[in-house]
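Peer 1: following is a predicted model, sequence given first.
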Amino acid sequence: MPTQKISLLVAFALALSANLLPQPRDDAKKEFLQQQVAELKRSIAANRASLQKYQWTETTEVDVKGDTKKTEQKLCQYGPDGKVQKTPLGPPPEPPKARRGVRGRIIAKKADEMKDYMERLKSLIGHYVPPNHEKLQEVFQTGKANLNASSGGVASLVFTDYYKPGDKVTFAFDTAAKKIQSFTVHTYLDDPKTDIVSLSANWGSLADGTNYVSQADLVSESKHIEIKTANSKYQKIQSLEPEQR
């Protein structure tokens, strides 16, 4: 066989073997991502277990087109089924005054449509909050999780197609303290282009180190709805000793 052909074959074999060999940088990055996803899952599971020992006050404000339509407070705690149970605080809101005629029917129809939309919005966001550590693992295993390291030891963990195709869930995760600093969701109800829904949440810590959502801001762009939520007055259920938050 001519020397030139042998050289070409050797070069081709070397190139092929190089492509088949694992890339150290890629492997290290993937290993670090896997490690941080595992830490994030442990943090979420531990916080969820710890928060079941507490009750707290949730304050919610609903704004429509910049006007505050409703403000309410609820006493919250986890129930036996693992879901948060909410009990309204204060007097019940006054029922809206019924209007007669065509105008009354139009107002009632719009009110029903808004109520239905709010229920659907609540159901949608319930698939993201609180974050599900098993779902995070599922997204990671499908190769749709990414990590972007930033300054100060805070990693940005991004999970795509978490609940709906094209949605995105992002955590700002303190890799040293093993705590979530913030959490954002970009999703939609029906149309990913015209019915966009976003959520941003900041996390705080109780005296025992438990992580919790201190403030959250939910926005529906198409309906111009903004729902602001603040969680405070955490108390352990057994002793009801107040936490300084």
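Peer 2: Arrived safely.
Peer 1: now do the strand or helix carrying D112, average pLDDT.
Peer 2: Take DSSP states H and E as the rule and D112 turns out to sit in helix 101-125. Across helix 101-125, pLDDT averages out at 80.
Peer 1: before we move on, what about stretch 169-180?
Peer 2: 92.
Peer 1: what pLDDT does the model give I237?
Peer 2: pLDDT recorded at I237 is 89.
Peer 1: ok, now T3?
Peer 2: pLDDT, T3: 53.
Peer 1: and the one 4 residues further on, by the same measure?
Peer 2: Looking at S7, its pLDDT stands at 52.
Peer 1: what's the answer for Q52, then?
Peer 2: You'll see Q52 listed with a pLDDT of 93.
Peer 1: before we move on, what about L240?
Peer 2: In this model, L240 carries a pLDDT of 54.
Peer 1: and P80, that's in a helix?
Peer 2: No: per DSSP: H, G, I helix; E, B strand; the rest coil, P80 lies outside any helix segment and is coil.
Peer 1: what's the distance between it and I44?
Peer 2: As for P80, its distance to I44 is 20 Å (criterion: Cβ to Cβ, to the nearest Å). Using the backbone N, CA and C atoms, a C-beta is placed for each residue, glycine as well.
Peer 1: have a look at the two and say which one is more surrounded.
Peer 2: Shown here are P80 and I44; by other Cβ atoms under 10 Å, I44 has more neighbours (19 against 7).
Peer 1: if we go by neighbour counts, what in the following helix or strand past the helix holding D112 is buried?
Peer 2: Proceeding N to C from helix 101-125, the next assigned helix or strand is helix 133-141, under DSSP H and E. For helix 133-141, burial by neighbour count (16 or more other Cβ atoms under 10 Å) applies to 133, 135-136, 139-140.
Peer 1: give me the contact list for helix 133-141.
Peer 2: 33-34, 37, 40-42, 44-45, 145, 159-163 (Cβ atoms under 8 Å, 6 or more residues apart in numbering).
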